[in-house]
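Colleague: What follows is a predicted protein model with its sequence.
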Amino acid sequence: MPEYKALVNETREVSELGGTIAGKAAAERLGDAGSPNESLLAQWPDGSKNVNFDDVRRMTIDGQEVLVIIENKGGEAVLGKRIDASTGKYAQQGTPEYHYSLMKSMESKIDNLKRDERNIPGSDFNSKLQEMQVMYNTIKDQPIRFYHVQQKFDIHGNPAGIIVDRFPDIPRNTNNTGG
């Protein structure tokens with residue numbers, strides 16, 4: 001049933017878009033009113049979406065400048081997990097282990113893309129890679145506030161509320177494993 005699979009994919013895309021929009025709305029409300037609230041998110045120059053965050057922001061909360069990572073989910077999507085290369089165990093999104101493992105993967109991916117034949121000085125590829133390097137350097141080894149934003153839908157597919165959960169802060173990585 002190709003039509004059914006296409007419908008399932010379209011529904012997933014709409015749900016993901018709902019999560020993205022909810023994440024942007026939540027990000028605008030998280031910081032102190034009137035204070036800078038800047039997205040630092042960069043995109044991979046090869047167009048891939050994996051090994052990245054949904055949003056990375058620098059904002060002021062309760063008078064303190066903080067770095068914030070927001071994971072957006074739509075519908076009934078759940079936080080992901082990955083195998084932490086340093087332990088061989090699964091790590092859940094929002095945990096220090098997941099964050100440090102993802103940062104280590106980002107570092108490797110940046111290093112690999114620096115050697116990519118498309119990485120020519122002055123090219124769009126090179127520009128995007130430099131932006132990714134800046135984002136990585138900004139958050140590397142820094143304490144992070146992690147928020148999970150979920151756009152819920154009612155049984156008719158209408159938006160039914162946004163849930164924002166703050167996880168325990170991810171401390172600065174002092175042992176330099178994975179970041």
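Modeller: Good, I have the coordinates. Numbers count the residues shown, from 1 in each chain.
Colleague: and the longest helix seen in the chain, what does it pack onto?
Modeller: The helix that spans the most residues within the chain, counting by DSSP state H, is helix 2-30. If you count contacts as 3 or more C-beta pairs under 8 Å, 6 or more residues apart in numbering; DSSP states H and E, helix 2-30 packs onto strand 37-39, strand 55-61, strand 64-74, strand 145-153, strand 159-166. All C-beta atoms are positioned from the backbone trio N, CA, C, and that covers glycine.
Colleague: tell me the mean pLDDT for it?
Modeller: Per-residue pLDDT values across helix 2-30 average out to 85.
Colleague: thinking again about what came up before, tell me which of the helices and strands packed on helix 2-30 lies nearest to residue 5.
Modeller: Nearest to residue 5 among these is strand 64-74; the distance by C-beta to C-beta comes to 18.8 Å.
Colleague: Run through the neighbouring helices and strands of the closest one.
Modeller: Here strand 64-74 is seen to pack against helix 2-30, strand 55-61, helix 124-139, strand 145-153 when contacts are counted using 3+ C-beta pairs under 8 Å, 6+ apart.
Colleague: Among those, which comes closest to residue 115?
Modeller: Evaluated over the helices and strands packed on strand 64-74, closeness to residue 115 peaks at helix 124-139, with 10.8 Å, by C-beta to C-beta.
Colleague: could you check the angle strand 55-61 makes with the closest one?
Modeller: For helix 124-139 against strand 55-61, the angle between stretch directions is 40 degrees (axes from the mean of the first three to the mean of the last three C-alpha atoms, to 10 degrees).
Colleague: buried stuff in helix 124-139?
Modeller: For helix 124-139, the neighbour count (16 or more other C-beta atoms under 10 Å) marks 125-126, 128-129, 131-133, 135-136, 139 as buried.
Colleague: now swap in stretch 158-177 and tell me
Modeller: If you call a residue buried by 16+ other C-beta under 10 Å, then stretch 158-177 has these buried ones: 162, 164, 167, 170, 173.
Colleague: quick one: contacts for the second one?
Modeller: Neighbour list for residue 164: 26, 30, 147-150 [criterion: C-beta atoms under 8 Å, 6 or more residues apart in numbering].
Colleague: Over to the fourth one?
Modeller: Residue 170 sits next to 69, 95-96, 99, 143-146 when contact means C-beta under 8 Å, 6+ apart.
Colleague: Without its sequence neighbours, what residue ends up closest to it?
Modeller: residue 144 (4.2 Å; C-beta to C-beta, 6 or more residues apart in numbering).
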